[in-house]
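Undergrad: Sequence first, then the predicted structure:
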Amino acid sequence: MNKHLPLIVGAGATVILAAGYFGLSAYSSKQAQKHLEDWVYEVSLDEKLSWRSVSATPFGGSVSIRDVELELGKNEPALRAAELIISERISEDNQSRLRLQLKGIEADSAAFNGLRSLGAMAGSSIDRELARASHSFEPALSSGLATLKPFDMELFVDVDDDAGTFEAEIAIALPELFDSRMSYSLSKQRDLNRKLKRLEDDLDGEDNPYRLIAKLQELAESIERAELANVRVSLQDRGMLERSIALYQRYNTPLDPTAGSADSQRSEHYAKMVERTVKNCQRDSKDLPKSMDNSCDLLEDVLMEKVSGIVLSIEPTESVRLSDLAKLDNARQGKRVLERLNPELESL
């Protein structure tokens, strides 16, 4: 027997397996390309959405679409992404799941209108002068960057009728600014996926607007009855805070030529501003639940750059429906809802 035969057979098997794998990948890629083209045609995006190439792993594991461009038209936001990855796709009667990863996103200023509120929230607990720097994404939170660098975004949704849950997650990574991630889970939604699928069919075939409105109202009421299982929101600084503080100290410190070092005056002035902000926080946080007793101390640590980020976690101790969140606007009812939500803050 040829002593090299096992080696030859092993190498041959490897080649065959590799050829089979890449053959399946090529077939999957062609199928993915066809599905994408059909979808673009169905939603009338033929002249608005384009891409360079499509590839897919065998057996439909994931699809990668490279150099994606979306041009909606004049006065509408334009988006470009180096890569869009679609994975964890499930589309069944009892469950829908999808994860989208967008890498190397470039967008014009109109696309950031919806993110201005995020900038406002980031500065809501900070002194007004410092917060002003975070109220706009034009071009990059006004924190000293001349342009917004390509960024990444991730979206995940899972609707499971058998478990009665709805899970969602969104993450955004902005270079030299911050990383943010929010995830939440709802329970008591045992038939939500089927309702959404029926609604999709109804939107395609229903001509009576009053019936559509009634069905949308039914879906909204069902979602309002959902209970909040958990929420987690994190914000990790990647340079935004440091530059914002430096700009504040440079342009908002009243310097006295006879009072010594300018840097020392700036540091002292900023420290007093932080002290003022923390005192205001302590005055305004009396109605917060006991689980957030550390909120003002954590705010001070963030403003003094002792920590680089924060995490808000919510694990309700008792049942909290989505409709209950509207009670947060009422002082007495809102306090009780907050206690049930059991929010906790911690540093990163």
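TA: Arrived safely. Here the structure is a predicted model, which is why all the values come from computation and not from measurement.

Undergrad: In the stretch 101-250 of the chain, mark out all the strands, start to finish.
TA: Using DSSP state E, counting those that start in this stretch, the strands of the stretch 101-250 of the chain run over 151-160, 165-174, 178-187, 227-237.

Undergrad: can you put those strands in JSON lines and add distance to Q282 and mean pLDDT?
TA: For every residue, glycine as well, the C-beta is placed using N, CA and C. Below are the strands of the stretch 101-250 of the chain laid out as JSON lines (distance: least, CB to CB, whole Å; pLDDT from 0 to 100):
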{"stretch": "strand 151-160", "distance to Q282": "35", "mean pLDDT": "91"}
{"stretch": "strand 165-174", "distance to Q282": "31", "mean pLDDT": "92"}
{"stretch": "strand 178-187", "distance to Q282": "26", "mean pLDDT": "92"}
{"stretch": "strand 227-237", "distance to Q282": "22", "mean pLDDT": "93"}
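
Undergrad: Using TSV, lay out the ones you listed together with mean neighbour count and distance to E318.
TA: What follows is those, written out as TSV (neighbours: other CB atoms under 10 Å; distance: least, CB to CB, whole Å):
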stretch	mean neighbour count	distance to E318
strand 151-160	18	23
strand 165-174	18	18
strand 178-187	18	13
strand 227-237	17	10
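
Undergrad: With L299 as the reference, name the closest of those strands.
TA: strand 227-237 (12.5 Å; CB to CB).

Undergrad: Switch the strands of the stretch 101-250 of the chain over to a markdown table; also include distance to S295.
TA: Formatted as a markdown table, these follow (distance: least, CB to CB, whole Å):
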| stretch | distance to S295 |
| --- | --- |
| strand 151-160 | 28 |
| strand 165-174 | 24 |
| strand 178-187 | 18 |
| strand 227-237 | 14 |
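
Undergrad: Show the pLDDT at N113.
TA: Note for N113: predicted pLDDT of 53.

Undergrad: Over to the nearest residue to L45 once chain neighbours are set aside: give its phi and psi.
TA: Of all residues not flanking L45 in the chain, L70 sits nearest, at 7.9 Å (CB to CB, 6 or more residues apart in numbering). The phi and psi values for L70, taken as degrees, to the nearest 10, are phi -120, psi 110.

Undergrad: If I follow the layout properly, L70 ends up in contact with K48?
TA: Yes. The pair L70 / K48 is scored as a contact, 6.3 Å apart, by CB atoms under 8 Å.

Undergrad: returning to that earlier point: tell me the contacts of the residue nearest to L45?
TA: 45, 48-49, 78-80 (CB atoms under 8 Å, 6 or more residues apart in numbering).

Undergrad: Quick check, pLDDT for it.
TA: For L70, the model assigns a pLDDT of 81.

Undergrad: cool, the one 3 residues further on as well?
TA: As predicted, G73 sits at a pLDDT of 69.

Undergrad: where does K327 land in three-state SS?
TA: Secondary structure, DSSP: H, G, I helix; E, B strand; the rest coil: K327 is helix.

Undergrad: Enumerate every residue touching it.
TA: 333-334, 336-337.

Undergrad: of all those residues, which two lie farthest apart?
TA: Among the contacts of K327, G334 and R336 lie farthest apart (CB to CB), at 7.3 Å.

Undergrad: My reading is that L45 lies in a strand. Confirm?
TA: No. Read with three-state DSSP, L45 is coil and lies in no strand.

Undergrad: gap between it and L72?
TA: According to CB to CB, to the nearest Å, L45 stands 9 Å off from L72.

Undergrad: Check S323 too.
TA: Going from S323 to L72 by CB to CB gives 34 Å.

Undergrad: repeat for K188
TA: Per CB to CB, K188 is found 37 Å from L72.

Undergrad: Show me which of these two is the more surrounded one.
TA: K188 (17 against 14; other CB atoms under 10 Å).

Undergrad: Now V337: closest residue in space, sequence neighbours ignored.
TA: Nearest to V337 is K327, by CB to CB, 6+ apart, at 5.1 Å.
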